[in-house]
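*Asks:* Below are the sequence and a predicted model; questions follow.
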Amino acid sequence: MADERDPKLPDASTSRLQQLAVVGELAVGAAHEARNLLTAIVGFAQVARRRAHDPAYVAKQLERIERESRACVELLQRFLAPSRTGAAPLETVDVANVVDLVADSARSQFELQRLTLELDLDRALPHVHCSRDELTQVLLNLVSNALHATPVGGSITIATKRSGGALALSVTDTGPGVPAGLEEQIFEPFFTTKPIGQGTGLGLALCRTMLASVGGTIHVEAAPGHGATFVIRLPAEREDA
Ligand SMILES: Nc1ncnc2c1ncn2[C@@H]1O[C@H](COP(=O)(O)OP(=O)(O)OP(=O)(O)O)[C@@H](O)[C@H]1O
Ligand SMILES: [Mg+2]
């Protein structure tokens, strides 16, 4: 199916100032997502150094470093492309594959923070029509937030299930949860409770924008007991398509 999203970059009729504003917005988004990928790369380098005596383990981490570095280069290429639409191509995506990739990307951070990652996936779900790279970025943002919120010994669960004509993808953590009354505000750009220099407050706003461009939604719920559950809904592709 063709990419039906509107290119974000204004055409020649828009003013230079408007063009700069759009490029600025795309640059901030690209920098935010590149930082997530670089955080994963640093994590793999750290765990590899701890087991430098184990060549097979080091080789595996190098493979992951290469994969994440390539993803980072691609992300920046897209931003620097002459059209600078910033939009990644849409494709048919198996959400379980994206979860597997993100689980692997975040592996070293789980190890370093002594947290457990649990997957509760329905692997027979219909596919979704979206950008694989953007869905990966969305999930990485949610996992990165959950890693930040969850104390040592806690766990994070990524789950998928059918939800009517949609597919629900959720990330649940055992952290303190989102304070009542802030459930909407946390999706606003620049809203952060992290100390200066640690958070931009752009992660969830970018997630919502990326999902909205393919008809998806995201909201937060209180997790049973303690913690937060972020739920993404994406329209499922027709199974006879
Ligand atoms: N899993 C979570 N548990 C509790 N609070 C959360 C969770 N995820 C997000 N939040 C709250 O939502 C705020 C906004 O999150 P968002 O991802 O947009 O920005 P950030 O994480 O603060 O900054 P950045 O994404 O640049 O690191 C966080 O600062 C935090 O207060
Ligand atoms: Mg964040």
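*Replies:* Thanks, I have the structure now. All figures in this text were calculated on a predicted structure; none of them were measured in a lab. Ligands and ions are numbered 1, 2, ... in the order given.
*Asks:* The helix or strand harbouring Leu167 close to ligand 1?
*Replies:* Leu167 belongs to strand 166-173 when assigned by DSSP states H and E. Yes. Shown here: strand 166-173 in contact with ligand 1 (C-beta under 6 Å from any ligand atom) through Asp173. Where you see a C-beta, it was placed from the backbone N, CA and C, and this is true even at glycine.
*Asks:* what's that strand in contact with?
*Replies:* By C-beta atoms under 8 Å, 6 or more residues apart in numbering, the list of residues contacting strand 166-173 from outside reads 95, 99, 125-126, 128, 139, 142-143, 146, 149-150, 154-162, 223, 227-236.
*Asks:* Please narrow the residues you listed to those residing in strands.
*Replies:* 128, 155-162, 228-235 (DSSP state E).
*Asks:* Would you show me how to pick out the buried ones of these in PyMOL?
*Replies:* Buried members of these, defined by 16 or more other C-beta atoms under 10 Å, are picked up in PyMOL with:
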select buried, resi 128+156+157+158+159+160+228+229+230+231+232+233+234+235
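*Asks:* what's the biggest helix by length in the chain packed up against?
*Replies:* The residue-count maximum for a helix in the chain (DSSP state H) belongs to helix 16-50. Other elements packing on helix 16-50 under the criterion 3 or more C-beta pairs under 8 Å, 6 or more residues apart in numbering; DSSP states H and E are helix 55-80, helix 107-113, helix 132-149, helix 203-212.
*Asks:* Nearest approach to ligand 2 belongs to which of the ones you listed?
*Replies:* Closest approach to ligand 2 among the helices and strands packed on helix 16-50 (C-beta to the ion): helix 203-212, 2.8 Å.
*Asks:* buried residues in that closest one?
*Replies:* Across helix 203-212, burial judged by 16+ other C-beta under 10 Å covers 203-211.
*Asks:* Restricting to those residues, which residues neighbour ligand 1?
*Replies:* 203-205.
*Asks:* Those residues into TSV, with extra columns for pLDDT and distance to Tyr57?
*Replies:* Shown next, in TSV, are these (pLDDT from 0 to 100; distance: C-beta to C-beta, whole Å):
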residue	pLDDT	distance to Tyr57
Gly203	95	30
Leu204	96	34
Ala205	94	37
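*Asks:* distance of Arg50 from Leu62?
*Replies:* Between Arg50 and Leu62 the computed distance is 14 Å (C-beta to C-beta, to the nearest Å).
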